[in-house]
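Chemist: Would you be able to build a 3D model of this:
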Amino acid sequence: MGMINSEWPLILAVLVTVLTSMFIQGAEGATFAVIPLIKKRITGQISGMAGAYGNVGAVVYLTIFTLVTPQTFFFILAGGAFFSFLFCLLFLDEPKGSHSEEYQLSSVDIAQQRNNLEGKQMKGA
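Modeler: Numbering: from 1, shown residues only. Next up is the predicted model:
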């Protein structure tokens with residue numbers, strides 16, 4: 001989209017914009033679709049952080065947009081997306097057992113279950 005200018009036919013510019021929007025909204029949906037898969041116990045916290053950091057990113061990019069031309073802005077967006085891709089590719093490790101058939105309990109989950117059982121036993125005693 002950074003290459004669109006007044007020489008482009010209007011219909012082609014609109015089609016490129018619509019296609020770009022479809023891919024962006026698909027990426028947003030994919031991001032929020034992953035949230036429940038991270039850890040069931042803290043889904044609300046992760047959803048809140050994703051929403052909050054999404055708003056922070058929107059403010060940052062809107063500020064950048066006010067300082068540069070629209071063509072430059074789209075290249076900045078592309079560079080940011082590419083940097084994010086490289087960062088994830090090089091530095092993120094998938095947790096062990098993340099795609100196993102059974103839900104993997106963390107040490108916090110096990111401690112919580114233990115506390116719940118002890119609480120139930122105390123009430124029953």
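Chemist: all contacts plus neighbour counts: C-alpha atoms, from now on.
Modeler: OK.
Chemist: three-state assignment of residue 94?
Modeler: coil (DSSP: H, G, I helix; E, B strand; the rest coil).
Chemist: what about it, how many neighbours?
Modeler: Using other C-alpha atoms under 10 Å, residue 94 is surrounded by 8 other residues.
Chemist: So for it, what's the pLDDT?
Modeler: If you check residue 94, the pLDDT there is 72.
Chemist: And it, how close does it get to residue 38?
Modeler: 11 Å (C-alpha to C-alpha, to the nearest Å).
Chemist: give me the element the spatially most central residue of the chain is part of.
Modeler: Nearest to the geometric centre of the chain sits residue 31, at 3.9 Å (C-alpha atoms, centre = their mean). Using DSSP states H and E, residue 31 sits within helix 10-38.
Chemist: helices or strands up against that helix?
Modeler: When contacts are defined as 3 or more C-alpha pairs under 8 Å, 6 or more residues apart in numbering; DSSP states H and E, helix 10-38 packs onto helix 43-67.
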